[in-house]
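>>> following is a predicted model, sequence given first.
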Amino acid sequence: MSVADTPARVRDAKWRCPQCGRTFSRTGQPHSCRTVSLESHLRDGPQRALFERLLAAVNSKAGECEVLSLPCCIHLVGRYDFLAVLPRKERLEIRFVLERVLANPRVQRSARISKALYKHSVDVRTAGDIDEELLSWVREAYHLERR
């Protein structure tokens, strides 16, 4: 594989975990090496259909991503883990980081996580919630330059 064929997230990585092989922008990044099946998070039902629709929309509107199913949640990974999906009883809770606060009634929670970054939580209950507004935030998170 040539350098040009290497995914950007691997090329830009500063550290690769010797246990699981995941790549990170910070050396020694705390993480779980354990993965679980996607089915352990998404059984047949409304959450699975919402997740599949969300994934297709993200891949076409934000950028290609990989799915990483961890014990805590499902991560979508581009250059970085840019979106966490937490299946709930009747919804998907999605979390993403931006360099700004979102003042929007759809945002359930926002928290400052560093000097420049804010983590936001939005509920996806129906396919209609996966709209251009939501995808614009996800696209922004996908293309965020992590320092």
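Ah, there it is. Because the structure is predicted, anything quoted here is derived from the model rather than measured.
>>> make it CA atoms for all contacts and neighbour counts henceforth
Fine.
>>> domain assignment for this structure?
1-33, 34-142 (automatic domain parsing).
>>> same list, these, but as a markdown table with mean neighbour count please.
Shown next, in a markdown table, are the domains of the chain (neighbours: other CA atoms under 10 Å):
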| stretch | mean neighbour count |
| --- | --- |
| domain 1-33 | 13 |
| domain 34-142 | 16 |
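>>> any idea which of the ones you listed scores lowest on pLDDT?
Of all the domains of the chain, the minimum mean pLDDT falls on domain 1-33 (a mean of 66).
>>> which residue ranges form the helices in the chain?
8-11, 38-41, 46-61, 132-142 (DSSP state H).
>>> now for the last one, which elements pack on it?
Yep, that's helix 132-142 we're talking about. Other elements packing on helix 132-142 under the criterion 3 or more CA pairs under 8 Å, 6 or more residues apart in numbering; DSSP states H and E are helix 46-61, strand 81-88, strand 91-98.
>>> export the ones you listed as TSV, with columns for distance to residue 67.
Conversion of those to TSV gives the following (distance: least, CA to CA, whole Å):
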stretch	distance to residue 67
helix 46-61	9
strand 81-88	9
strand 91-98	14
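>>> looking at these, which is closest to residue 114?
strand 91-98 (10.4 Å; CA to CA).
>>> who's in contact with the closest one?
With CA atoms under 8 Å, 6 or more residues apart in numbering as the contact definition, strand 91-98 has outside contacts at 46-47, 50-51, 82-87, 117-126, 138, 140-141, 144.
>>> same thing but 7 Å
The contact list for strand 91-98, computed with CA atoms under 7 Å, 6 or more residues apart in numbering, reads 47, 82-87, 117-125, 141.
>>> export stretch 42-56 as PDB, just CAs?
Taking Å, rounded to 0.1, in the frame of the first residue of the first chain, the C-alpha atoms of stretch 42-56 are listed here in PDB:
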ATOM      1  CA  LEU A  42     -28.800  -2.700  17.300                       C
ATOM      2  CA  ARG A  43     -31.300  -5.500  17.200                       C
ATOM      3  CA  ASP A  44     -34.000  -5.600  14.600                       C
ATOM      4  CA  GLY A  45     -36.300  -2.700  15.100                       C
ATOM      5  CA  PRO A  46     -36.600   1.100  14.700                       C
ATOM      6  CA  GLN A  47     -33.100   1.800  16.000                       C
ATOM      7  CA  ARG A  48     -31.500  -0.400  13.400                       C
ATOM      8  CA  ALA A  49     -33.300   1.300  10.500                       C
ATOM      9  CA  LEU A  50     -32.500   4.700  11.900                       C
ATOM     10  CA  PHE A  51     -28.800   3.800  12.200                       C
ATOM     11  CA  GLU A  52     -28.600   2.500   8.700                       C
ATOM     12  CA  ARG A  53     -30.300   5.600   7.300                       C
ATOM     13  CA  LEU A  54     -28.000   7.800   9.400                       C
ATOM     14  CA  LEU A  55     -24.900   5.900   8.200                       C
ATOM     15  CA  ALA A  56     -25.900   6.200   4.600                       C
END
